[in-house]
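Asker: Sharing a sequence plus its predicted fold:
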Amino acid sequence: AQSVTQLGSHVSVSEGALVLLRCNYSSSVPPYLFWYVQYPNQGLQLLLKYTSAATLVKGINGFEAEFKKSETSFHLTKPSAHMSDAAEYFCAVSEERGGNNRLAFGKGNQVVVIP
Amino acid sequence: DTGVSQDPRHKITKRGQNVTFRCDPISEHNRLYWYRQTLGQGPEFLTYFQNEAQLEKSRLLSDRFSAERPKGSFSTLEIQRTEQGDSAMYLCASSLPVGSNTEAFFGQGTRLTVV
């Protein structure tokens, strides 16, 4: 079965600094990969997705992620952190061919932005 | 359409009681998913429907859990004889069929506390 690993449950970043969240996946088929953001007591909002087109994917709020098959990675970055980026971020892999169906999520990264 | 709607947002119940949650998906979405998210973890897949048919159930969905989608529109998730371990956020998501834009849209969740 497909799975996702996110290391470091809490990530602290200074305002204006680079945000880097790591995601490694395991999949027996070419994967569909996603990053979601969750604000307190809210549902999940899609940041971006990789669906076998361009390997560098741009999403909302200035985030982007690069799919690297050789490293089985899909790391999320943002050049300059903003206070509003404080939230929990989840990487996920689709467990069915054809897109965002049943999703397997990582444990998440809680991002804290330090003024 | 305002997106996926879940009701109630919060539910506190005594151990042993039954609870029922409702999810109203985006109107043209025929796929509907339920996930459970415990503290410090990513969401875990419970079950999904295509129209009124329940196509798959996770092993996490014990006999005390039942989900329905009687007319292929809204869905309910019932937990019988609740246990403290059932305390979690229950998330509903919906999507269009595979082959089109299959991004899953999440509701804000129902937070269940069993005391």
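Answerer: Received it, and whenever you're ready, just let me know what you need.
Asker: Can you tell me who the residue nearest in space to the middle of chain A pairs with across the strands?
Answerer: The residue lying closest to the centre of chain A (CA atoms, centre = their mean) is A:W35, at 3.3 Å. When bridges are called by DSSP bridges, A:W35 pairs up with A:L48, A:C91.
Asker: Report the contact partners of it.
Answerer: Contacts for A:W35 (CB atoms under 8 Å, 6 or more residues apart in numbering or on different chains) come out as A:21, A:23, A:46-49, A:59, A:63, A:65, A:74, A:76, A:89-92. For the C-beta atoms, the positions are set from N, CA and C on the backbone; glycine is no exception.
Asker: could you redo the last one with a cut-off of 10 Å?
Answerer: Residues counted as contacts of A:W35 (CB atoms under 10 Å, 6 or more residues apart in numbering or on different chains) are A:21, A:23, A:44-50, A:57, A:59, A:63-65, A:74-76, A:89-92, A:106.
Asker: so how far is A:Q6 from it?
Answerer: For A:W35, the distance to A:Q6 (CB to CB, to the nearest Å) stands at 10 Å.
Asker: What of A:P115?
Answerer: A:P115 sits 25 Å away from A:Q6, going by CB to CB.
Asker: Those two - which one has more neighbours?
Answerer: A direct count of neighbours by other CB atoms under 10 Å in any protein chain shown for A:P115 and A:Q6 places A:Q6 higher, at 21 against 6.
Asker: Excluding covalently adjacent residues, which one is nearest to the more buried one?
Answerer: Spatial nearest neighbour of A:Q6, chain neighbours left out: A:G106 (3.6 Å); criterion: CB to CB, 6 or more residues apart in numbering or on different chains.
Asker: Model confidence for that neighbour, exactly?
Answerer: pLDDT for A:G106: 95.
Asker: I'd say it and A:Y25 touch.
Answerer: Yes: applying CB atoms under 10 Å as the test, A:G106 and A:Y25 come out as touching, 8.8 Å apart.
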